[in-house]
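Peer 1: With the sequence up front, the predicted model follows.
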Amino acid sequence: MNPLSVRGLQTFYGKSHILHNVGLEVHEGEIVVLLGRNGAGKTTTLRSIIGLTPPREGNVSLFGVDATRMSPYQVAALGVGYVPEGRKIFANLTVEDNLRVPVTRPGPWTIDRVFQTFPRLAERRGNRGRQLSGGEQEMLSIARALLLNPKLLLLDEPSQGLAPLIVKEVFQIIQTMRQEGISVLLVEQNVRIGLTVADRAYVLDDGAIIYSGSASELANDEERVRSMAGASANEWAMS
Ligand SMILES: Nc1ncnc2c1ncn2[C@@H]1O[C@H](COP(=O)(O)OP(=O)(O)OP(=O)(O)O)[C@@H](O)[C@H]1O
């Protein structure tokens, strides 16, 4: 049973028709990247999957269960972790309290294990969210999602605003998760790093999927990536 299978999504914000027949799959143990320019509809796709912006048409299946009309809470209870764009940690709570807030499910990920895995967070456990660097905030946001002991993790632009070395660190963590059997759907604007870690890739443009296939094949053809997205070279973060 696929961790995620999405078919024919049509999603609107009011009268604006944002997603046009979006379909994608994440197979067990895969890292799948969803690429696309600013405003292509990547975040909206994640929001449609977890029930924050339910689609008007189409369906979402999680581990073989029809989740199309589920609330975000029900989706989380199925074992789907979500790391939102902008991290959304509590600025006024300490690192430790941020980790005490989320819904948890039993499994190997505990607060102790999080602190072992992310020593920077352990050092800063008493600091408030707003005192953390961007990279530390991203790690805290990922750590919070891991406490759910997810089987599928949805990550929205984890590299955003981070220095290249920190981006590398974050992506190493994402690859470690895959080794633990967590399947990953990653939204990225950073094409190069997204394609480096992913097994398969989808490209969204104007709310429609315009590429679906192997990540390495796409990585070897940068011209194609740019032309498919209709983007000029500098619209894509290539660092
Ligand atoms: N709450 C909203 N109300 C109305 N329109 C919205 C809303 N959120 C997003 N949109 C529009 O929907 C489209 C898709 O946005 P979305 O955030 O999904 O794109 P994205 O690919 O994730 O881009 P970004 O990288 O900028 O987050 C954009 O045209 C955006 O302006």
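Peer 2: Okay, I see it. Numbers count the residues shown, from 1 in each chain.

Peer 1: Just give me the neighbour total for Val101.
Peer 2: Using other Cβ atoms under 10 Å, Val101 has 12 neighbouring residues. (Glycine included, C-beta is placed from N, CA and C.)

Peer 1: Verify the stated contact: it with Phe90.
Peer 2: Yes. Contact criterion Cβ atoms under 8 Å: Val101 and Phe90 qualify, at 6.9 Å.

Peer 1: Look at the spatially most central residue of the chain and report its pLDDT.
Peer 2: Relative to the mean C-alpha position of the chain, the nearest C-alpha, by Cα atoms, centre = their mean, is the one of Leu155, at 1.4 Å. pLDDT for Leu155: 95.

Peer 1: what does this protein put close to the ligand?
Peer 2: For the chain, the contact set with the ligand under Cβ under 6 Å from any ligand atom comprises 13, 16, 18, 36, 38-44, 85, 189.

Peer 1: Please point out which parts of stretch 171-190 sit buried.
Peer 2: By 16 or more other Cβ atoms under 10 Å, the buried positions in stretch 171-190 come out as 171, 173-174, 177-178, 182-190.

Peer 1: Give me the subset of those residues lying in helices.
Peer 2: Among the buried residues of stretch 171-190, the members falling in helices are Phe171, Ile173, Ile174, Met177, Arg178 (criterion: DSSP state H).

Peer 1: now those residues in JSON lines, with pLDDT?
Peer 2: Shown next, in JSON lines, are those (pLDDT from 0 to 100):
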{"residue": "Phe171", "pLDDT": "89"}
{"residue": "Ile173", "pLDDT": "87"}
{"residue": "Ile174", "pLDDT": "89"}
{"residue": "Met177", "pLDDT": "88"}
{"residue": "Arg178", "pLDDT": "87"}
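
Peer 1: A helix includes Asn2, no?
Peer 2: No. Assigned with DSSP: H, G, I helix; E, B strand; the rest coil, Asn2 falls outside any helix and is coil.

Peer 1: what's near enough to touch it?
Peer 2: Contact analysis of Asn2 by Cβ atoms under 8 Å, 6 or more residues apart in numbering lists Glu25, Val26, His27, Glu28, Ser61, Phe63, Gly64.

Peer 1: From these, which land in strands?
Peer 2: Glu25, Val26, Ser61 (DSSP state E).

Peer 1: By neighbours, which of those residues wins?
Peer 2: Comparing these on neighbour count, Val26 comes out first with 25 neighbours (neighbours: other Cβ under 10 Å).
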